[in-house]
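**Q** Mind looking at a prediction? Sequence and model below.
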Amino acid sequence: MIIGICSDHAGVDYKARLFAFLKKKGYTVIDYGTDTPESVDYPDFAHQLARAIESGQVETGVALCGTGNGMAITLNHHPSIRAGLAWNKDIGRLIKEHNHANVLVLPARFISYRTALKTLNAWLEARPEGGRHERRVSKIPVSTH
């Protein structure tokens, strides 16, 4: 599986560590920035990740920023993205199983690295569920942005 990863300055440390973790687990990982703790604009990196998923360059993604909200809002403006914000492993698992999230968003300023890692693992291991969840996901409107 090819995974894209991005962050703003608030998530750059966790991003680097998660990138290394994913590589060690055998994933191909493409880094869409940032690589600096200097202040940057999160939409610049969220759009790069979303376009990579839309074009098929990567299959799924992980995004980090301070609260996670900026990344999630930006990513979800792309038609094929279902970005879910998760702050623990249970939410990470459920956003994949119930909401079919193809991007995991983590709030780097509000969770420990250990929690981020556990959340990522739960999300990676989860599979989208069908049934009522499939029906509900199909009712989510496609963004026109």
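**A** Everything's here; your move.
**Q** How far does the helix or strand Gly70 falls within sit from its chain's centre?
**A** Element membership of Gly70, judged by DSSP states H and E, is helix 69-75. Here the centre of helix 69-75 is set off from its chain's centre by 10 Å, with CA atoms, centre = their mean, to the nearest Å.
**Q** how about it: buried residues?
**A** Residues Gly70, Met71, Ala72, Thr74, Leu75 are the ones in helix 69-75 that count as buried (16 or more other CB atoms under 10 Å). In short, each C-beta sits where N, CA and C put it, glycine included.
**Q** Quick check: neighbours of the following helix or strand past that helix in the sheet, parallel or antiparallel?
**A** Downstream of helix 69-75, the first helix or strand assigned by DSSP H and E is strand 83-85. With DSSP bridges as the test, strand 83-85 is paired with strand 103-107 (parallel).
**Q** avg pLDDT for the partner strand?
**A** Strand 103-107 comes out with an average pLDDT of 98.
**Q** Could you do stretch 61-79 as well?
**A** Here the average pLDDT along stretch 61-79 is 97.
**Q** end-to-end on that stretch?
**A** End-to-end distance of stretch 61-79 (CA to CA, to the nearest Å): 15 Å.
**Q** for the helix holding Gly70, packing partners?
**A** helix 42-55, strand 60-65, strand 83-85, strand 103-107 (3 or more CB pairs under 8 Å, 6 or more residues apart in numbering; DSSP states H and E).
**Q** who wins for proximity to Tyr14 among the ones you listed?
**A** Tyr14 lies closest to strand 60-65 among those, at 5.5 Å (CB to CB).
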